[in-house]
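Peer 1: model this:
(one chain, ligands or ions: 1)
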Amino acid sequence: MNDEPVYVTRPYLPPLEDLLPYLEQIWASRQLTNGGPFHERLEWALCEYLGVEHISLFANGTLALVTALQALRVTGEVITTPYSFVATAHSLLWNGIKPVFVDIDPETFNLDPAKIEAAISPQTTAILPVHVYGRSCDTGKIQKIADTYGLKVIYDAAHAFGVEDEGGSILRHGDLSILSFHATKVFTTFEGGAIVSPDEKTKRRIDYLKNFGFADEVTVVAPGINGKMNEFQAAVGLVQLKRMEGVLAERKAIDGRYRKLLSDIPGIYCPQLPQSKLHNYSYFPILVGSDYFLSRDRLYARLRENGFYARRYFYPLISEFPMYRALPSARAANLPVASSISNQVIALPIYPGLPDSVQNMLANLIRN
Ligand SMILES: *Cc1c(COP(=O)(O)O)cnc(C)c1O
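Peer 2: The predicted model follows:
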């Protein structure tokens, strides 16, 4: 039995001393928001760290998603995945767009490219895939479909900070990619988010949209929103960014230990990571098979009773929530893989500082 509750994630905070010089500068300059010096520095630093050319910072990832759809003037219907955090589909409803759910691939848990074409209608204008758990979508196949049908592609890359494929950052794919820097994510500014743009022109439009549509003091070019990241958030981001190497190394070690500890438990499956990619180890999902001696929900309850607050990411499916379930594409029969995975998955705790002893206790609980 562990003494303190263990959550699925624990925010990784910098030593307060590291942050204080930044706070002193903010207090001295009185520049608190509206694109101050730390905001500008974090945009540059993230471009360099992630290996992308254009980033717009946001107050959170959901506003980034909503704004990305506005920036590309997406309307009508958008093809998306039911296996994600609910903000993915909510961003469509906030834009008056109809989500069309398509099933996922059983290996990657991402939108299954083979099932996208059948869901395209004359109203379809875009695809909104998610790199779930930081595992890359099949970006090549998705782009090919988008090119054939003249669709935009916006990636919800909220889980994919720092992830690379053979060609570099996976954030370069599609028309735009969205990041979240929420407290539960690999890289956090408490709340925060970003849009990665392919060119300066698109970034400029997004920067107008996140600031009420202001292009200059007297010119408003669009009904924009207030999506700005403030100087405090940007300062936290600059301090956190310096420590990312250590964060990823720790996460990788925890991932490896779980794989060893759980490898021979009948009915427990640890989905493999994709080959030859820079991964961020943002989540550790396991699947509880029908050959395990307890149901998924019994195991989940058992973990909680022992102070391990694992999460069923993602259960329920987005398509099961009241504002989505009446859609024809939301029927379980249309989403057999997503429904099945959603009923088997448990995400185990993974964060820098998770003690080996806690991992051992968890593994023992799952084994016995
Ligand atoms: C966290 C998350 C979001 C929302 O980000 P916020 O910064 O919390 O608004 C969107 N999509 C996915 C897949 C997420 O995990």
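
Peer 1: what does the chain put close to the ligand?
Peer 2: 60-62, 84-85, 87-88, 130, 156, 158-159, 180, 182, 193 (C-beta under 6 Å from any ligand atom). Just so you know, the C-beta spots here come from the backbone N, C-alpha and C atoms, and that holds for glycine as well.

Peer 1: Need the pLDDT of the residue lying farthest from the centre of the chain.
Peer 2: Distance from the C-alpha centroid of the chain peaks at residue 218, with 36.1 Å (C-alpha atoms, centre = their mean). Looking at residue 218, its pLDDT stands at 97.

Peer 1: That one and the ligand, how far apart?
Peer 2: 32 Å (C-beta to the nearest ligand atom, to the nearest Å).

Peer 1: and residue 244, what does it touch?
Peer 2: 49, 162, 187 (C-beta atoms under 8 Å, 6 or more residues apart in numbering).

Peer 1: What pLDDT does the model give it?
Peer 2: So, for residue 244, pLDDT stands at 96.

Peer 1: now do the one 4 residues further on
Peer 2: The model reports residue 248 with a pLDDT of 96.

Peer 1: what's next to stretch 224-233, contact-wise?
Peer 2: By C-beta under 8 Å, 6+ apart, the residues outside stretch 224-233 that reach it are 23, 26, 31-39, 42, 57-59, 63-64, 66-67, 70, 181, 189-193, 208-214.

Peer 1: For ChimeraX, write the select line for the buried members of these.
Peer 2: To isolate in ChimeraX the members of those that are buried, counting by 16 or more other C-beta atoms under 10 Å, one can use:
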select :26,33,35,36,38,39,42,57,58,59,63,64,66,67,70,181,189,191,192,193,208,209,210,211,213,214
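
Peer 1: Next step: the contacts of stretch 224-233 restricted to strands.
Peer 2: Using DSSP state E, the members of the contacts of stretch 224-233 that fall in strands are 57-58, 193, 214.

Peer 1: and those, which two are the farthest apart?
Peer 2: 193 and 214 (19.8 Å; C-beta to C-beta).

Peer 1: follow-up on the earlier one: between the ones in strands among the contacts of stretch 224-233, which is nearest residue 358?
Peer 2: Out of the ones in strands among the contacts of stretch 224-233, the member with the shortest distance to residue 358 (by C-beta to C-beta) is residue 193, at 30.0 Å.

Peer 1: Once you drop chain neighbours, what's closest to the closest one?
Peer 2: residue 61 (3.4 Å; C-beta to C-beta, 6 or more residues apart in numbering).

Peer 1: what about the one you found, how many residues close to it?
Peer 2: A total of 26 residues lie near residue 61 under the criterion other C-beta atoms under 10 Å.

Peer 1: any idea how far the nearest residue to residue 324 once chain neighbours are set aside lies from the ligand?
Peer 2: Of all residues not flanking residue 324 in the chain, residue 330 sits nearest, at 5.2 Å (C-beta to C-beta, 6+ apart). Distance, residue 330 to the ligand, using C-beta to the nearest ligand atom: 18 Å.

Peer 1: was I right about residue 330 contacting residue 82?
Peer 2: Yes: here residue 330 reaches residue 82: they are 7.2 Å apart, a contact under C-beta atoms under 8 Å.
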